[in-house]
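Colleague: show me the folded form of this:
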Amino acid sequence: MGKESYDLAIVGAGITGTAIARELSQYNLRVVLIEKEADVSFGTTKGNSAIVHAGFDDQPGTLKGKLCREGNALYERLCQELEVPFKGIGSLVVAIRKSDEPILKELLARGRANNVPGLEIWDKETLRKEEPNLTSSAFAALFAPTAGIVSPHELTIALMENARDNGVEVRLETEVVEIRIHGPRPTVHSPWSIVHSPQSTVHSPQSTVHSPQSKFKIQNSKFKIQTSRGMIESKFVVNAAGLYADKISRMVGIGGFKITPAKGEYLLGDKEVGNLVNHVVFPTPTPTSKGIVVVPTVDGNLILGPNEKGLKDKSNLSTTKEGQEEVFRGAQKLVPRVSLRDVITSFAGLRARAGDDFIISAYPEVKGFINVAGIKSPGLSAAPAIAKYVLRILQEEGLSLKKKKEFNPLRKKIIKFSEVSFEERVKLIKRDSDYGLIVCRCEKVSLAEVKEAIRRGARTLDGIKYRVRCGMGRCQGGFCGPRIIMILAKELGISPKEITKKGKDSKVLLSKTKELRRFR
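Modeller: Residues are numbered from 1 along each chain as shown. Sure, this is the predicted structure:
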């Protein structure tokens with residue numbers, strides 16, 4: 001495969017990378033989005049609490065505090081433009097012990113310092129009226145009206161689609177294996193960098209220090225990115241590689257941080273219990289965690305979790321009996337009516353930890369390279385603001401930006417048969433008879449929706465699931481899974497044995513039953 005040249009390459013297509021790609025797609029630039037997985041959002045983005053935080057939890061003066069609040073303010077318009085469900089239901093931090101009361105007051109003061117609007121402390125009477133299913137021990141709560149919920153994978157897909165429609169090239173199943181810089185390599189592998197702070201380029205000693213002089217300062221660098229699918233040349237590189245951002249950074253000689261994964265386990269409740277709470281319900285936080293949360297989803301389910309466990313293995317997404325029991329106990333402390341009978345599945349997500357704050361940095365040692373790393377919670381909330389922040393850094397690095405006249409900020413969602421009225425269903429079936437064929441009974445997903453998901457880029461079972469929800473109901477794909485495999489195979493013109501759950505080595509079918517009988 002030959003070498004291709006771009007103005008800018010983004011490594012990593014999670015919520016951060018796709019938000020940056022969409023922001024850059026407004027300009028006359030040749031941009032490529034590189035992702036090693038089979039689809040966008042298949043990394044850390046797919047496994048989180050789906051909360052758009054208000055911004056009261058983060059320390060004032062940090063990037064997390066600034067960008068969480070700014071990102072939160074951008075969500076409603078962004079989701080309207082991309083036709084992604086967002087619900088501004090607000091959040092509660094619930095006090096159940098007297099020792100929790102000072103924590104609420106501290107969070108209230110911190111939130112006001114972060115300019116979070118509308119914060120107030122509810123008394124027991126108000127809390128009981130608004131959340132009747134909370135534990136009787138709850139006597140007060142911090143209410144944040146600007147908090148909300150979203151579908152992380154659906155938003156990531158929408159960002160990618162809109163960026164792609166506006167000219168960004170998306171390369172999936174493309175792993176970056178080496179980055180070479182056209183010009184002398186720096187001989188000093190500095191642990192410091194100039195990190196762009198909310199106020200200036202000089203931050204506190206803990207997070208931002210001017211870099212010591214390297215022997216070489218590379219001006220007008222050109223990056224040669226060797227991938228598993230050929231060479232890519234780019235003038236600028238944005239590293240949004242999540243759990244592997246430290247590895248990508250070291251490829252250009254920039255060290256100073258290490259990504260350590262933290263695993264969080266979750267339980268997902270049936271839609272029958274999706275209305276047990278009306279807000280995002282947090283316990284009072286500890287110094288290291290926001291705690292086990294009870295969260296209604298935009299699709300009507302209920303999420304419980306996460307716990308937190310440090311790991312070494314960046315691919316460990318296993319769930320454990322002990323972890324699930326911990327999550328369930330934590331959720332029951334807040335909402336006693338939660339029952340294991342209502343749990344339809346469990347899953348785990350990984351967070352990319354690299355210190356107390358986000359690392360969003362340009363480096364004098366390597367001109368044109370930007371790290372966007374350590375984006376753990378509230379990374380989902382901050383993503384739209386992170387994209388705008390990175391844009392400003394790129395301008396400072398010398399990227400010339402000229403707006404496109406033809407930029408289209410709008411993206412049309414896939415019509416969901418389950419969400420439209422009876423009259424609209426009749427019209428859809430008259431227009432396309434595939435709407436009359438339901439392939440997923442739990443979520444009422446039609447054949448037409450599955451075909452549209454494939455047309456837009458789904459190539460795996462999880463790709464279909466994250467676009468139209470096949471396999472997300474109570475049976476978890478037990479009934480619709482085989483049908484989806486056959487539809488994928490037919491539409492893609494490949495053997496059913498080539499269909500995977502999530503790409504790579506995740507094939508679902510090994511061989512036909514008749515073929516196995518030969519070896520008896």
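Colleague: helices along the protein, start to end?
Modeller: Remark: helices assigned in the chain by DSSP state H are 15-24, 63-82, 101-113, 124-130, 152-165, 245-251, 321-334, 379-396, 422-431, 447-455, 461-468, 481-492, 513-517.
Colleague: and the fourth one, average pLDDT?
Modeller: Same thing as helix 124-130. What helix 124-130 shows for mean pLDDT is 97.
Colleague: and it, what's buried?
Modeller: For helix 124-130, burial by neighbour count (16 or more other Cβ atoms under 10 Å) applies to 127, 130. Every C-beta, even on glycine, is put in place using the N, C-alpha and C of the backbone.
Colleague: check which helices and strands it is in contact with.
Modeller: Contacts defined by 3 or more Cβ pairs under 8 Å, 6 or more residues apart in numbering; DSSP states H and E place helix 124-130 against strand 140-144.
Colleague: apply 10 Å and report the result again.
Modeller: If you count contacts as 3 or more Cβ pairs under 10 Å, 6 or more residues apart in numbering; DSSP states H and E, helix 124-130 packs onto strand 91-95, strand 120-123, strand 140-144.
Colleague: distance to Leu401 added to those, as CSV?
Modeller: Putting the helices and strands packed on helix 124-130 into CSV (distance: least, Cβ to Cβ, whole Å) gives the following:
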stretch, distance to Leu401
strand 91-95, 36
strand 120-123, 41
strand 140-144, 34
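Colleague: redo those as a markdown table? Include mean neighbour count and distance to Gln59.
Modeller: Output for the helices and strands packed on helix 124-130, formatted as a markdown table (neighbours: other Cβ atoms under 10 Å; distance: least, Cβ to Cβ, whole Å):
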| stretch | mean neighbour count | distance to Gln59 |
| --- | --- | --- |
| strand 91-95 | 26 | 16 |
| strand 120-123 | 15 | 20 |
| strand 140-144 | 25 | 16 |
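Colleague: circling back to that earlier point, so for Glu406, which of the helices of the chain sits nearest?
Modeller: helix 152-165 (10.6 Å; Cβ to Cβ).
Colleague: and that closest one with helix 15-24, angle?
Modeller: Put simply, helix 152-165 runs at 30 degrees to helix 15-24, going by axes from the mean of the first three to the mean of the last three Cα atoms, to 10 degrees.
Colleague: just checking, what packs against helix 152-165?
Modeller: helix 15-24, strand 31-34, strand 51-52, helix 63-82, strand 169-171, helix 379-396, helix 461-468.
Colleague: how about it: buried residues?
Modeller: In terms of neighbour count (16+ other Cβ under 10 Å), helix 152-165 has its buried residues at 152-164.
Colleague: distance of Thr227 from Val32?
Modeller: According to Cβ to Cβ, to the nearest Å, Thr227 and Val32 sit 10 Å apart.
Colleague: find residues that contact each of those two.
Modeller: Shared contacts of Thr227 and Val32 (Cβ atoms under 10 Å, 6 or more residues apart in numbering): 9, 11, 171, 174.
Colleague: how about the first one: what's its closest non-neighbour residue?
Modeller: Okay, so that is Ala9. Spatially, and ignoring its direct neighbours in sequence, Ala9 is nearest to Ser234 (4.0 Å; Cβ to Cβ, 6 or more residues apart in numbering).
Colleague: got it, and the third one?
Modeller: For Arg171, the nearest residue in space outside its immediate sequence neighbours is Ile34; the separation is 5.2 Å by Cβ to Cβ, 6+ apart.
Colleague: so who does that neighbour touch?
Modeller: 6, 9-13, 17, 169-172, 174-176, 225, 227, 229, 232, 234, 237, 240-241, 248.
Colleague: for Lys416, same thing?
Modeller: 85, 299, 443-446, 449, 468-469.
Colleague: contact partners for Val508?
Modeller: Here Val508 is in contact with 460-461, 481-482, 484-485, 488, 496-501 (Cβ under 10 Å, 6+ apart).
Colleague: got any ranges where the stretch 1-150 of the chain has weak pLDDT?
Modeller: 1-2 (pLDDT under 70).
Colleague: cool, and the chain?
Modeller: Flagging of the chain using pLDDT under 70 yields the residue ranges 1-2, 183-221, 516-520.
Colleague: domain parsing of it, as residue ranges.
Modeller: As given by automatic domain parsing, the domain ranges for the chain are 4-44+153-259+356-396, 91-145+263-348, 417-517.
Colleague: picking up where we left off before, out of the helices and strands packed on helix 124-130, flag the one nearest Leu428.
Modeller: Smallest distance to Leu428 across those (Cβ to Cβ): 36.3 Å, for strand 91-95.
Colleague: for that closest one, which strands pair with it and how are they oriented?
Modeller: Here strand 91-95 is paired, per DSSP bridges, with strand 140-144 (antiparallel), strand 280-283 (parallel).
Colleague: quick one: which of those strands is nearest Val426?
Modeller: Of all the strands paired with strand 91-95, strand 280-283 comes closest under Cβ to Cβ, at 37.2 Å.
Colleague: and the closest one, what's buried?
Modeller: Applying 16+ other Cβ under 10 Å to strand 280-283 flags 280-283 as buried.
Colleague: ok, now stretch 101-115?
Modeller: 103-104, 107-108, 110-111, 114.
Colleague: pull out the buried members of the contacts of Ile34.
Modeller: Among these, those classed as buried by 16+ other Cβ under 10 Å are 6, 9-13, 17, 169-172, 174, 176, 225, 227, 232, 234, 237, 240-241, 248.
Colleague: looking at the contacts of Ile34, which are in strands?
Modeller: 6, 9-11, 169-171, 176, 225, 227, 232, 234, 237 (DSSP state E).
Colleague: could those residues be laid out in TSV, adding distance to Glu81?
Modeller: Formatted as TSV, those follow (distance: Cβ to Cβ, whole Å):
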residue	distance to Glu81
Tyr6	25
Ala9	25
Ile10	20
Val11	25
Glu169	21
Val170	19
Arg171	25
Val176	30
Ile225	31
Thr227	31
Ile232	29
Ser234	28
Val237	27
